[in-house]
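Engineer: pasting the sequence and the predicted coordinates here, then a few questions.
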Amino acid sequence: MKHTIIAAGLSVVAGAAFAQTPVLTVYTYDSFVPDWGPGPAIEAAFEATCGCDLQFVGAGDGAALLARLRLEGESTEADVVLGLDTNLTAAARETGLFAPHGITPEGLTLPVAWDDAEFLPFDWGYFAFVHDAALANVPGDFEALAASDVSIVIQDPRSSTPGLGLLMWVEAAYGDRAGEIWEGLADNIVTVTPGWSEAYGLFLEGEADMVLSYTTSPAYHLIAEEDASKTAAAFAEGHYMQVEVAGMLAGTDQPELARAFLSFMLTPAFQEVIPTTNWMYPAALPASALPEGFETLIQPSQALLLSPEDAAARRDAALATWQAALSR
């Protein structure tokens, strides 16, 4: 009986200890979470320092994260959201759901200055159309693409950050001519997918000649698969930048842990995982620390990026223009 009592007591103590382990819930996009994504390695590295249980929750593509937050409001279980970008931060800020992070970022290697009280960057890249290197007559700008018979797969700007990035790319490059460009591209578009994973999968299956992705995507094939058959088309107008960010929720019950995660996000333990799992440029790692193979990637002639406020102001009109052109 005594052994039974002791065992029961140990069980209660163990259960209490387990119950006291703090949980940090991070909403992110679906491709961050799988074994081949950054999530598992980052989870293990952070849990080794925090004495916590870090739980990543996939919520569709980047733009779908914001839609989910708006739906859940103050009742959200998220402590941190990771995977928005600067095209969405103004709208995210307007929800009132995010708190100032209180962190002064050091060692950033972004090609643009950073000053944002609510959001911190974790990686960045350039949008591009990826294709097989054997593709003939690769278009060198949007007008040439529209005039060609090259087929493309793109993502929906209402649910996908790459899709929204493409919308802003055309806006930044062509302004008032954006509608004309989209009308020309309508015949090239095979389909519009909810997110990046679906679009890239269709491209790999041979459903289209090109797919909207990133200049860094060929690095995956080169490094992970030893396959040099993929490349990105260099567009004369320049390429639109994406800066991906994370922010902590004002309603989190783990504010210190959330800040610790955001600080950890800018350390080598997090940043060194990004190039060969998320296949983007890390936000706080010098170019000299990038894996071999990244030096082969195209370098845009011009970097295009609208401010968060300008992107938010243009979004609805740009989306209406896109929908009108594709429905004709």
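Structural biologist: Right, received. Where do you want to start?
Engineer: which residues of the protein fall in strands?
Structural biologist: 23-28, 53-58, 80-85, 120-132, 152-155, 189-193, 210-214, 230-232, 239-248, 281-282, 303-304 (DSSP state E).
Engineer: now those as a markdown table including distance to residue 169?
Structural biologist: Where you see a C-beta, it was placed from the backbone N, CA and C, and this is true even at glycine. Converted to a markdown table, the strands of the chain look like this (distance: least, CB to CB, whole Å):
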| stretch | distance to residue 169 |
| --- | --- |
| strand 23-28 | 23 |
| strand 53-58 | 26 |
| strand 80-85 | 13 |
| strand 120-132 | 6 |
| strand 152-155 | 11 |
| strand 189-193 | 15 |
| strand 210-214 | 9 |
| strand 230-232 | 13 |
| strand 239-248 | 4 |
| strand 281-282 | 17 |
| strand 303-304 | 6 |
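Engineer: low-confidence regions, the stretch 51-200 of the chain specifically.
Structural biologist: By pLDDT under 70, the stretch 51-200 of the chain contains no weakly predicted segment.
Engineer: let's see it at 80
Structural biologist: In the predicted model of the stretch 51-200 of the chain, residues 62 satisfy pLDDT under 80.
Engineer: quick check: which of the strands of the chain is nearest to residue 138?
Structural biologist: The closest of the strands of the chain to residue 138 is strand 120-132. By CB to CB, the value is 6.5 Å.
Engineer: now for the closest one, which elements pack on it?
Structural biologist: Applying 3 or more CB pairs under 8 Å, 6 or more residues apart in numbering; DSSP states H and E, we find strand 120-132 packed against helix 161-174, strand 210-214, helix 217-224, strand 230-232, strand 239-248, strand 281-282.
Engineer: try 6 Å this time
Structural biologist: Contact here means 3 or more CB pairs under 6 Å, 6 or more residues apart in numbering; DSSP states H and E; on that basis strand 120-132 packs against strand 210-214, strand 230-232, strand 239-248, strand 281-282.
Engineer: model confidence for the closest residue to residue 52 other than its chain neighbours, exactly?
Structural biologist: Spatial nearest neighbour of residue 52, chain neighbours left out: residue 22 (4.6 Å); criterion: CB to CB, 6 or more residues apart in numbering. You'll see residue 22 listed with a pLDDT of 96.
Engineer: ok now do residue 22, which residues does it touch?
Structural biologist: The contact partners of residue 22, by CB atoms under 6 Å, 6 or more residues apart in numbering, come to 52, 254, 257.
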